[in-house]
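A.B. asks: got a sequence here, can you model it:
(chains A, B and C)
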Amino acid sequence: MDKTQMLVALSAGLFALGLLGVIVRRNVLVMLMCMELMLNGVNVLLVTFAQQSHSTVGAVLVFLVFVVAAAEIAIAIPIVLLLARRKRTLDIDAYVDLKG
Amino acid sequence: MDRLLTVIVLLPLAGFIINGLLGNRLGKRFVSVVGCGLPVLAFAAAIVCLLDLRTSGFAPLVETAYTWAVIGDRSFEISFYFDRLTAVMVLIVTGVGSLIHIYSIGYMKEDTSYARYFAYLNLFLFFMLLLVLGRSLLVLFVGWEGVGLASYLLIGFWFDDPDKARAGKKAFLTNRIGDAGFLLGMFVLFQALGTLEMDKINTAFTSGTPPMVSASLVGILLFIGACGKSAQIPLHVWLPDAMAGPTPVSALIHAATMVTAGVYLVARLSGIYMHAPEASAAIAAVGVMTAFFAATIALVQTDIKKVLAYSTISQLGLMFVALGVGAYGVAIFHLYTHAFFKACLFLGAGSVIHALGGEQDINKMGGLARKIPITFATFAVATAAIAGIPPLAGFFSKDEILWFAFASSFGGSTLLYVVAAGTALLTSLYMFRLLWRTFFGASRLSPEAAHHVHESPPSMTGILIVLAALSAVGGFVALPHFLEPLLPLPEVRAELVAFEAPLLYVSVALAFAGLAGAAFLYGGNAERAERLRRGFPMLHRVLTGKYFVDEAYERFFDRPLFWISERVFLQFGDRKLFDGTLHGIAGLGRRTASALARVQNGDLHLYAFLVLAGIVATLAWSWHHG
Amino acid sequence: MIETLLLWLFAGTALLAAAAMLVLRHPMRVALALVVTMLALAGVYALLGVHVIAVFQVLIYVGAVMVFMVYVIMLLDVRDRSYSGKFSRLLVPGIVGFLLLLAVLAHALWQDLPAPSGAAGETAFGVQQFSVAFLNEYWLHFELISVLLVVAVVAALAVIKVGRRDHG
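C.D. replies: Below is the predicted model of the structure:
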């Protein structure tokens, strides 16, 4: 397995683990962190191929992903805080008001 | 003038449209002038056409008004045909029709729906003229259906009363049953001959080579239609109920004109019937049975209009007897005299009802001869005419019918004669009974009616006088001989020629016997009639119940039909099948949706899992098929 | 030689820490595992020669995002029902799906990988090159990113104010 293949496998693995984490963990904060894991996995892939392409677009994209991730976290955490305050639990099974 | 026939037909139509649309706004006088004036004009035009006919040597006048449809190589035209028979019919329709229109001015004066009445009456005239003037069976059928419609509208004229509305419905539905037979007859004719024009049909049958269709089949099918329209057994049940309409309507439609359409149809298609002995025998049999049967019922009726209704059925039966033995001209002759005296009787009855403020039960009349003399006199003349007292009109026509029933070589028989003569005797009896109970004897009026009694206005009594005069002298017009070039009289059996004079005396004797019988039974205070009634209670009950025909129809047709409609079509077919299918489909949608909605349960884990599943599936699919 | 070994090491660490994230119970430990993953990835980026990205990974992800995360975990009471039963009811279907996903991705990736146009590690990304590209060619993206950040700030303030109005 050469380097590129290994990095692509790393990316796929990180992404799949992140998605699995969103599905199986009940704590909402842990789920958020798993989503960050997914973003990281994507980043690895981007970097791998950007680095092979001799243009800077890949790096710019990665940077944009960083910024977006930061902005997302800046909003998601307050929302989780408010939800947790209202429902008094971090268990996602309690957040079912959007049923139906 | 060139388009005169079309003008005759369109004049009453114009009256319908004008009175229908503007009548309410323009007041009763306008409605009367338009509503009566146009039929009178049509009558005048008809006389002009008759004179034209005579100058052209009685060659038929033909006018094509409009080509209705061209289908393939066949064309259907609205064309009018005027020959001797048509002349007689048109003059009766417009003449007697105009008289009744004028009578209605006085009779319907108090009614709020005055304009609607005259509009409908004109509409009826339009369709009736279409019927008699039509050259093709198609135009006749349009008129046929149209008079049925007008009859429905006029019987149920006071539609606020559900019974009256129901009577209108009954008339229309019973007619429709007859029309099924009529339509089948038309189809068979068209298929065999390729044309529906009646003069061509007649020549096809009377020419040397008969067409490839059974004349009797066509004859019977068309006669079924005639039964419906002319109230013969078994489709006679609507006519007594039709008395729910205003009395002038009963006079015009259910005595003088519409019910005679069946007789006209058979007479017009005499070419077919002359070559259809089985059909003609059936016609004669049905006619004489109806005549006798209706006469027996008329003997015990107590409503003045119902007596006249059954009398009409009975007289129509006699006309069909004449048609059945091949004496087409004689049937038309009786139609003509019947129009006069029956219209006079009905309008006279209307005058009596008007005088008594609405009373129609003869048990509550009596002693009116002095109080309403003109009505009495005209009613008496018309009664004598229908009974067959010479030299009034009814005597001539009825005697001819009885003679041909006995002696015609085309189906005449002694049995036919005996039953017909019995009917004539009963006719005289029940008509004089009516006269006695209504006008003679002690007064059995209720106090309000007695207070109210007054002679009718001149617009009504004038017409009565005209009609009574026509009933008296109308018989002297030798109509059968006028029609003979068109409708030949049948051969008389040679050995029976000697009976002609004796049978004449028998007819006279029957008429006077009826008069005497009625005077005997109903004179004074009618105690002898009462004793007779008590002597035969069962018979009286059957007759008063009209042989329970309506009840039989209700039991054997109405109830099963209702049951089928209710159980099979409504509950099963409509509710279970159609509604069930629709609700089932809707329910299916609902259940599917609610099943699918379980995906949206607010559980983020499930959503994420579904995303995963979607990604896996999409990738697998695209990479296997890509 | 050493580089390849280090690369494999860092990649392995990242994967292991990510797997550990899924099984650790306490959210704080999960956060720390994630930090390990991110640092390992930073190492990977550095080994690949994209130092800019590696630095930004540490600065932004670990330094801002994960710090914020740790603050929140410390703020909230984590010993609730999700602590005692850490797995949802979709554990087994989830694992099955995960394995399928890996299988599909593996199948695809092993066939269709493009040949590397240049060996990995050849082109290095310096800060200067990066910034010049960012502000020259991709200036629009730069501006849009700024707008996005402003929006995020406004949204965060709005969320907080909502909370405050509820209680005051």
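
A.B. asks: who in the stretch 501-626 of chain B is up against chain A?
C.D. replies: B:597, B:600-605, B:608-609, B:611-612 (C-beta under 8 Å from any C-beta of the partner chain). Quick note: C-beta positions are derived from backbone N, CA and C, even for glycine.

A.B. asks: next step: these restricted to helices.
C.D. replies: B:597, B:604-605, B:608-609, B:611-612 (DSSP state H).

A.B. asks: near chain C, which of the residues you listed show up?
C.D. replies: B:605, B:609, B:612.

A.B. asks: and the ones in helices among the residues of the stretch 501-626 of chain B next to chain A, which is closest to A:I79?
C.D. replies: Using C-beta to C-beta, B:L604 is the member of those that lies nearest A:I79, at 13.0 Å.

A.B. asks: now do the same contact list for that closest one.
C.D. replies: A:22, A:31, A:92, A:95 (C-beta atoms under 8 Å, 6 or more residues apart in numbering or on different chains).

A.B. asks: rerun that using 7 Å as the cut-off
C.D. replies: A:I92 (C-beta atoms under 7 Å, 6 or more residues apart in numbering or on different chains).

A.B. asks: ok now stretch B:285-303, how far from the chain's centre?
C.D. replies: Remark: stretch B:285-303 is offset 16 Å from the chain centroid, using C-alpha atoms, centre = their mean, to the nearest Å.

A.B. asks: for that stretch, which positions count as buried?
C.D. replies: B:285-301 (16 or more other C-beta atoms under 10 Å in any protein chain shown).

A.B. asks: cool, and stretch C:62-78?
C.D. replies: So stretch C:62-78, judged by 16+ other C-beta under 10 Å, has buried residues C:62, C:65-66, C:69-70, C:72-73, C:76, C:78.

A.B. asks: what's next to that stretch, contact-wise?
C.D. replies: A:29, A:33, A:36, A:69-70, A:73, A:77, A:81, A:84, A:90, C:26-28, C:31, C:34-35, C:38-39.

A.B. asks: that older thread, want to throw the ones next to chain C among the ones in helices among the residues of the stretch 501-626 of chain B next to chain A into TSV with neighbour count?
C.D. replies: Listed next are these as TSV, based on neighbours: other C-beta atoms under 10 Å in any protein chain shown:
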residue	neighbour count
B:H605	22
B:F609	22
B:L612	23
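
A.B. asks: spatially nearest residue to residue 46 (excluding sequence neighbours)?
C.D. replies: Answering for chain A, as no chain was given. Closest residue to A:L46 apart from its sequence neighbours, by C-beta to C-beta, 6 or more residues apart in numbering or on different chains: A:V62 at 5.1 Å.

A.B. asks: I was thinking of chain C, sorry if that wasn't clear
C.D. replies: C:A46 sits nearest to C:A54 (C-beta to C-beta, 6+ apart), 4.1 Å away.

A.B. asks: assign that neighbour to helix, strand or coil.
C.D. replies: Three-state assignment for C:A54 (DSSP: H, G, I helix; E, B strand; the rest coil): helix.

A.B. asks: in stretch B:550-568, what's buried?
C.D. replies: In stretch B:550-568, counting by 16+ other C-beta under 10 Å, buried: nothing.

A.B. asks: now do stretch C:25-33
C.D. replies: Buried, per 16+ other C-beta under 10 Å, within stretch C:25-33: C:27, C:30-33.

A.B. asks: report the contact partners of the residue nearest the centre of chain C.
C.D. replies: The residue lying closest to the centre of chain C (C-alpha atoms, centre = their mean) is C:M38, at 6.1 Å. The contact partners of C:M38, by C-beta under 7 Å, 6+ apart, come to A:40, C:57, C:61-62, C:66.

A.B. asks: what does B:G245 give?
C.D. replies: Taking C-beta under 7 Å, 6+ apart, one finds B:154-155, B:157 in contact with B:G245.

A.B. asks: highest neighbour count among these?
C.D. replies: Within the contacts of B:G245, most neighbours by other C-beta atoms under 10 Å in any protein chain shown means B:I155, with 29 neighbours.

A.B. asks: for it, give me its contacts.
C.D. replies: B:167-168, B:171, B:242, B:244-245.

A.B. asks: rerun that using 10 Å as the cut-off
C.D. replies: B:164-172, B:238, B:241-246, B:249-250, B:253-254 (C-beta atoms under 10 Å, 6 or more residues apart in numbering or on different chains).

A.B. asks: then B:G106?
C.D. replies: Neighbours of B:G106 in contact, by C-beta under 10 Å, 6+ apart: B:32, B:248, B:350-351, B:354, B:456-463.
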